[in-house]
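Visitor: this is the structure alone, sequence omitted:
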C-alpha cells in the first residue's frame, strides 16, 4: 500500500501515510460514520431522547455508512467486531451489570429516604437543603458508580422536596447533577474511573486517591455556592414522594464503605462488586427492607422472572449495547490508520510534558464532543494519551486524571448531552415545581465548572513550572 498521501486528502503535513483499511473519499470517508452518528445523536438529544436506548438505530446507520464507504466491506465488518471485543469493554459491561444490581439494592433499602430524613431532622432548609442535596447525591453516586442512575433515583425524591424546604428549583436540579458528577469522577466502580485507570495502566486505588486533589476543592466550592445561592421562598406545596424516610436505612452506608475499602486495597473490581452485592442483600434482608422473593421471583405460570436482581441488570442493558456498537464504530476508524497518523502528528508537536498534557486534554475534549459518551471517549483516545504521555514522561495517574476530569465536565454542562437532558426531564410534571431546561441545569452544576477550572489551572501551573525548569537549565 502506497505511503504517499492522495491528492484529494487535505490532511495537515504529518498525517501522510495510508491506513490498513481504505475508504472512498479518503479520510473524509473514514470519518463519515462518526458524522452520521454525531448528527443523529445531536438530533435525538435535542429532541428529548432520555437515554442511550434510542441511539441504537443511529449507530446501526453509522455502521451501514462505514460498510458502504469502505473499499473492503468485509474487512470493515471484521474491524467493527474487533473494536467491540476489547477486554476493557467486557470489563465495563460486567461492571455496569453488577453496579446496577448494587444500585437497586441500595435504592430499595431506603437509603435515599433515610438521608432525606436526616436532612429534614437537622433543620436544613433553603440553600442548606440544596447543599445537602449535592452531598446526598455525591454519596449515592460514589456508592453506585453511576451518574445516570443517581439522577434517575435521586431526582424524583429530592427535587419535589425542594418546594417544601425552600430550595431554588434550578439550583436544586443543578445540585443533583453536580452530585452525580462527583461520583462519576471519583467512584472506583464508575465506568470513567475504570476506563481512565485501565487505559493508562494505573491501579484504581491510586487513581482515586490522586483524583481527590481535583474533586475535593471543586466540591467545597460547590457546597459554598449552593448554600449561598440555592435558597428560595418555600411557596411550593410539593412533598417528598414515596414512603417517609427513617434512620434505619442509614445502616446501608456500610455497604459502599466496604466496597470502597476493598478497591482502595486493590482488590479486583469484580470481587469488590460481588462483595458489595452480597453485603447489601444480606443487610437489607436483616433490616426487613426486602425479602428473598424480592431479590428474584419466578412466575412459572407466565414464564417470566422479576425482582431486584433483574431490575438492576436491566439498567445496564441500554448503555452496554450503546457502548458495544460505538466501540465497533471506533474499531472501524482505528482500522483506517487515522488514529495512528494522529498520534504520530501529535507526538511530533508534543515535545515537552507541558505540550503533551495539553494535547491529551484537547484530544479527550474532542473525543467527548464527538462521541457524546464519557467512557467511550476515554476508550477511543486512551491509547493515544498513553503513548503521548509516556513519551513525554507524564505519570499514569496524571494521565488518567486528565482524561477523567475532562469527561466529567462537558456532558454535565452542555445542554445536548444525556446527563443534562435527563436531569431536566426529571423536573417535568412535578406538582408545585417548575420545569428546568437542560441549559439551566448545566449552568448550575457548580461542581463540573469547578472541575474544569481546577484541571485547566493544573495544566497551566504544571506547564509554568516546567517552563521555569527549562529556563534554568
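Guide: Sure thing, it's come through. Predicted model only: the values in this text are computed from it and were never measured. Residues are numbered from 1 along each chain as shown.
Visitor: quick one: the strands in the protein?
Guide: Along the chain, counting by DSSP state E, strands occupy 297-299, 304-306.
Visitor: so what's the gap between the first one and the chain middle?
Guide: In this case it means strand 297-299. Mean-position distance between strand 297-299 and its chain equals 33 Å (CA atoms, centre = their mean, to the nearest Å).
Visitor: identify the residues contacting that strand?
Guide: 305-307 (CB atoms under 8 Å, 6 or more residues apart in numbering). Any C-beta I mention is one placed from the backbone N, CA and C, and that applies to glycine too.
Visitor: how close does residue 107 sit to residue 279?
Guide: From residue 107 over to residue 279 the distance is 15 Å, taken as CB to CB, to the nearest Å.
Visitor: again with residue 425
Guide: In this view, residue 425 and residue 279 are 33 Å apart by CB to CB.
Visitor: do the same with residue 154
Guide: Separation of residue 154 from residue 279 (CB to CB): 21 Å.
Visitor: quick one: which of those two has more around it?
Guide: residue 154 (24 against 19; other CB atoms under 10 Å).
Visitor: now do the helices in the stretch 151-300 of the chain.
Guide: 169-186, 191-199, 204-229, 254-264, 269-286, 292-295 (DSSP state H, counting those that start in this stretch).
Visitor: pretty sure residue 168 sits against residue 231.
Guide: Yes: in this structure, residue 168 is within contact of residue 231 by CB atoms under 8 Å, at 6.4 Å.
Visitor: where do the contact lists of these two overlap?
Guide: Shared contacts of residue 168 and residue 231, defined by CB under 8 Å, 6+ apart, comprise 127, 130.
Visitor: need the contact list for residue 158.
Guide: Contact partners of residue 158, counting by CB under 8 Å, 6+ apart, are 112, 116, 133, 136-137, 172, 176.
Visitor: wait, isn't residue 33 in contact with residue 62?
Guide: Yes: Residue 33 lies in contact with residue 62 (CB under 8 Å); the separation is 4.3 Å.
Visitor: which one of these two has more residues nearby?
Guide: Higher neighbour count among residue 33 and residue 62: residue 33, with 28 against 25, using other CB under 10 Å.
Visitor: next up, the contacts around the more buried one.
Guide: 62-63, 65-66, 69, 329, 332-333.
Visitor: residues touching stretch 103-114, excluding its own?
Guide: Applying CB under 8 Å, 6+ apart, the contact partners of stretch 103-114 are 136, 140, 143-144, 146, 149, 153-154, 157-158, 240, 242-250, 252-253, 255-256, 277, 280-281, 283-284, 287, 289-290, 294, 308, 311-312, 315.
Visitor: hmm, try it at 7 Å
Guide: The contact list for stretch 103-114, computed with CB atoms under 7 Å, 6 or more residues apart in numbering, reads 140, 143-144, 146, 149, 153-154, 157, 242-250, 252, 255, 277, 280-281, 284, 287, 289-290, 308, 311-312, 315.
Visitor: which of these are buried?
Guide: For those, a burial check counting by 16 or more other CB atoms under 10 Å picks out 140, 143-144, 146, 149, 153-154, 157, 245, 248-250, 252, 255, 277, 280-281, 284, 289-290, 308, 311-312, 315.
Visitor: quick one on the thing from earlier: in the contacts of strand 297-299, which residue is surrounded by the most others?
Guide: Among those, residue 307 has the most neighbours (other CB under 10 Å), with 16 neighbours.
Visitor: picking that back up, please identify the most buried of the helices of the stretch 151-300 of the chain.
Guide: Of all the helices of the stretch 151-300 of the chain, helix 169-186 carries the top mean neighbour count, a mean of 30, counting by mean count of other CB atoms under 10 Å.
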